[in-house]
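In: One predicted model, sequence on top.
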Amino acid sequence: MQQVNAFANKAGKEQTATLVEVRNLKKYFRSQSSSAFHKQYIKAVDDVSFNILRGETFGLVGESGCGKSTLGRAMIYLHQPSDGKVIFDGQELQELKPQELKNFRKKMQFIFQDPSASLNPRINIGNILLEPFRIHRVGSRQERQEKIKYLLERVGLSAYHLSCFPHELSGGQKQRVGIARALALNPQLIICDEAVSALDVSIQAQVINLLEDLQQDFSLTYMFISHDLSVIHHISDRIAVMYLGKIVELGNHQEIYEQTLHPYAQALISAIPHTELDHAKERILLKGDVPSPVDPPLGCRFHTRCAQATTKCSMEEPNLKHISAEHYVACHIYA
């Protein structure tokens with residue numbers, strides 16, 4: 001809650017521009033090794049709080065398995081949160097009835113990591129794009145046809161592709177269809193879950209440029225989830241670094257990359273390849289594997305891999321500490 005309150009105290013423009021507030025959000029999954037007598041839970045997202053401002057691109061980065069995708073899905077109730085609140089445009093989502101939540105979903109959409117898996121292989125692209133309009137009963141038949149043609153052209157495809165099936169398209173084309181589908185109902189927020197990680201590098205650049213153009217044209221707010229820090233740095237206004245279900249550092253993209261504070265974030269930044277030797281940083285190699293989210297370490301969850309860990313780190317969990325105007329870090333070094 002410290003982080004949410006800190007943002008709420010910031011003056012004027014940013015206070016009124018908040019689109020999404022995430023407060024102490026948790027998502028636990030029942031472990032397969034659980035029994036009726038001994039229940040175990042995977043703590044995928046554990047007490048996470050942050051705000052997303054209207055019109056910004058909020059980047060979320062971390063190693064595979066840290067809970068990034070689960071956090072994104074829990075935010076829009078694709079996964080039912082175990083605890084905590086999500087407030088979207090002033091509305092607490094947990095207070096909505098199922099039909100009200102269904103109607104509210106028009107404001108928040110999701111672009112999935114694997115474009116092949118996210119498209120129904122049994123129906124053509126035209127019917128895939130018509131699904132959101134049918135589900136929410138939006139527009140007449142003619143209006144729907146005109147809208148899907150416009151959306152296809154806007155994402156770089158054409159009316160020719162309406163009759164194609166997903167297997168007839170390339171990976172980049174399929175992801176463009178996914179983007180068009182996300183835009184269909186004029187959302188305010190789009191969560192991009194590793195939206196370019198499955199694409200070739202040249203296609204990644206095209207899709208990122210497309211997303212940036214669409215953000216301007218449609219007044220969109222993005223939450224961009226990725227393990228690729230170079231992509232996050234390019235597209236994000238603010239960045240949150242996540243480790244084992246927790247946010248360990250948050251700030252604007254310049255502070256995160258030039259004034260990195262948390263040892264885990266420093267290790268991630270050092271792994272970014274540089275073409276110029278003057279800008280290259282000494283690589284920080286982390287020892288050991290990420291601990292199990294079923295039984296996370298006591299204290300700071302990163303202390304088992306941290307070269308700067310002290311006794312306090314293994315006993316007391318650090319809170320997100322306000323370092324500067326937009327910079328927060330959860331580390332006892334800065335206590």
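Out: Looks like it came in fine.
In: Please identify the buried residues of stretch 262-272?
Out: Within stretch 262-272, the residues that qualify as buried are H262, P263, Y264, A265, A267, L268, I269, S270, I272, counting by 16 or more other Cβ atoms under 10 Å. C-betas here are computed from N, CA, C, even on glycine.
In: actually stretch 57-73, not the one I typed
Out: Buried-residue list, stretch 57-73, by 16+ other Cβ under 10 Å: 57-63, 65-73.
In: end to end, how far does it reach?
Out: Taking Cα to Cα, to the nearest Å, stretch 57-73 runs 17 Å from one end to the other.
In: Name the spans of the stretch 201-335 of the chain whose pLDDT lies under the cut-off.
Out: Applying pLDDT under 70 to the stretch 201-335 of the chain flags the ranges 274-281.
In: Return the member of the buried residues of stretch 262-272 nearest to E282.
Out: Nearest to E282 among the buried residues of stretch 262-272 is S270, at 6.5 Å by Cβ to Cβ.
In: quick one, phi/psi of the closest one?
Out: Here is the backbone geometry of S270 (degrees, to the nearest 10): phi -70, psi -20.
In: Would you check that it makes contact with I284?
Out: Yes: contact criterion Cβ atoms under 8 Å: S270 and I284 qualify, at 4.4 Å.
In: if we can go back for a sec, just the ones of the buried residues of stretch 262-272 in strands?
Out: Secondary structure assignment (DSSP state E) places none of those within strands.
In: would a markdown table of the residues you listed with distance to N127 be doable?
Out: Shown next, in a markdown table, are these (distance: Cβ to Cβ, whole Å):
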| residue | distance to N127 |
| --- | --- |
| H262 | 46 |
| P263 | 50 |
| Y264 | 45 |
| A265 | 44 |
| A267 | 46 |
| L268 | 41 |
| I269 | 44 |
| S270 | 47 |
| I272 | 41 |
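In: List the buried residues of the helix or strand where N103 lies.
Out: Here N103 sits within helix 98-104, counting by DSSP states H and E. Neighbour-count burial for helix 98-104, counted by 16+ other Cβ under 10 Å, picks out F104.
In: Tell me which two of the buried residues of stretch 57-73 sit farthest apart.
Out: T57 and G65 (23.5 Å).
In: mind listing the helices for the stretch 1-150 of the chain?
Out: Using DSSP state H, counting those that start in this stretch, the helices of the stretch 1-150 of the chain run over 2-8, 13-16, 68-75, 98-104, 125-136, 141-154.
In: Contacts for the last one next, please.
Out: To tie it back to what came earlier, the one meant is helix 141-154. For helix 141-154, contacts defined as Cβ atoms under 8 Å, 6 or more residues apart in numbering pick out 125-126, 129-130, 133, 138-139, 158-159, 161-162, 177, 180, 183-184, 214, 217.
In: Same check on the fifth one?
Out: Contact partners of helix 125-136, identified using Cβ under 8 Å, 6+ apart, comprise 102-103, 106, 119-120, 138-139, 144, 147-148, 151-152, 161-166, 169, 177, 180-181, 184-185.
In: Apart from its chain neighbours, what residue comes closest to G299?
Out: Nearest in space to G299, with sequence neighbours left out and distances taken as Cβ to Cβ, 6 or more residues apart in numbering, is S314 at 4.6 Å.
In: For the one you found, grab the count of nearby residues.
Out: By other Cβ atoms under 10 Å, the residues close to S314 number 14.
In: ditto for H38
Out: H38 has 8 neighbours, counted by other Cβ under 10 Å.
In: so where do the helices sit in the stretch 151-300 of the chain?
Out: In the stretch 151-300 of the chain, the helices defined using DSSP H, counting those that start in this stretch lie at 171-183, 201-218, 229-235, 253-258, 263-270.
In: most packed of those?
Out: Each of those was scored by mean neighbour count; the highest is helix 171-183, a mean of 23, by mean count of other Cβ atoms under 10 Å.
In: what about D83, neighbour count?
Out: Neighbour count for D83, taken as other Cβ under 10 Å: 14.
In: Could you pull up the residues touching the residue nearest to it when sequence neighbours are not counted?
Out: Of all residues not flanking D83 in the chain, K26 sits nearest, at 4.2 Å (Cβ to Cβ, 6+ apart). By Cβ under 8 Å, 6+ apart, the contact list for K26 reads K43, V45, D46, D47, V48, P81, S82, D83, G84.
In: for the spatially most central residue of the chain, which residues make a bridge with it?
Out: Centrality entry for the chain: nearest residue to the mean C-alpha point is I225, 3.6 Å, by Cα atoms, centre = their mean. I225 forms beta bridges with L60, D193, as assigned by DSSP bridges.
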